[in-house]
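below is the structure, and that's it, no one-letter string:
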């Protein structure tokens, strides 16, 4: 891996470069062969050793978490690392304002058990409560305009967090056995904005994570005792059966498997462009209608 200042795009060896209009990220470059080699080597290591590699190799490293089981396991591992270098990895939590009460209770229990862990909570821009969100965007936005909901509740707050905190790399709780788009996860990935994403437990199963959680007495979401495995917003999360994929309860019965944070950012850039074009079209029509009224008068 190498670090260098931004230069002409033609000299980028791999296209894996940080920097976008929505985030201020350092210039971190991986060649494709190097990234492939890193993943092949990290796949042989324990999650704890992957975390040690991250601490020594990646600048401005944070953990993003919705306090699911895997994220909790990673958090606990970080707190117990036997490593000469100090681990001061801070956490980013996106409060969509539609979390289950049990999830918010878990956040407080985590703060109580890990008092040295700093948690940065980001909410939809300009909103502190569900009432404020609905006054601004309308009720049941996730049904009326799902793309907009994903953007304002999750994608924009995440991008704002990365920008304000200077995030250059993040630890996630994603695993291959969660199914859906996660089935082919590498341990280290680069998104299309250049953000480095590390999935330390990518190779673990749900039972592996459960065993670690129980052995280390890590606090968990009370909803797990009610048949939930992956917990997100209350309006898009249901319990699952033992025969279903772990994330089958998220957007159940639909093709959707991700909330937007781990989708390509270009998808949201395109969406925002379409929204702006629509707004401009409506404005133009309104102006023309006004001119026609004036002419008739």
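Everything's here; your move. Remember, it's a predicted structure, so these values are computed and weren't measured experimentally. Residues are numbered from 1 along each chain as shown.

list the buried ones in stretch 164-183?
167-178, 182 (16 or more other C-beta atoms under 10 Å). Placement of C-beta: from N, CA and C, glycine included.

and which of these is nearest to residue 242?
residue 177 (14.0 Å; C-beta to C-beta).

now the closest one: phi and psi?
Backbone torsions for residue 177, taken as degrees, to the nearest 10, come to phi -70, psi 0.

list the contacts for it?
Taking C-beta atoms under 8 Å, 6 or more residues apart in numbering, we find residue 177 in contact with 204-206, 246.

low-confidence ranges, the stretch 101-250 of the chain, go.
Regions of the stretch 101-250 of the chain meeting the criterion pLDDT under 70 cover residues 179-183, 247-250.

where along it do the strands fall?
Listed in chain order, the strands of the stretch 101-250 of the chain (DSSP state E, counting those that start in this stretch) span residues 119-122, 169-171, 188-190, 196-198.

which of the contacts of residue 177 sits closest to residue 146?
Each of those was scored against residue 146 by C-beta to C-beta, and residue 246 proved nearest at 22.1 Å.

ok, now how distant is the closest one from residue 209?
With distances defined as C-beta to C-beta, to the nearest Å, the gap from residue 246 to residue 209 amounts to 10 Å.

isn't residue 52 right up against residue 81?
Yes. Residue 52 is in contact with residue 81 according to C-beta atoms under 8 Å; the separation is 6.7 Å.

follow-up on the earlier one: more crowded one of residue 246 and residue 209?
Each of residue 246 and residue 209 had its neighbours counted (other C-beta atoms under 10 Å), and the higher figure belongs to residue 209 (24 against 21).

what's near enough to touch the more buried one?
Shown in contact with residue 209 (C-beta under 8 Å, 6+ apart): 69-70, 73, 175, 201.

any idea whether residue 41 is helix, strand or coil?
In the three-state summary, residue 41 is assigned as helix, counting by DSSP: H, G, I helix; E, B strand; the rest coil.

residue 48 too?
Secondary structure, three-state DSSP: residue 48 is helix.

look up the closest residue to it, ignoring the ones flanking it.
The spatially closest residue to residue 48, leaving aside those adjacent along the chain, is residue 77, at 5.5 Å (C-beta to C-beta, 6 or more residues apart in numbering).
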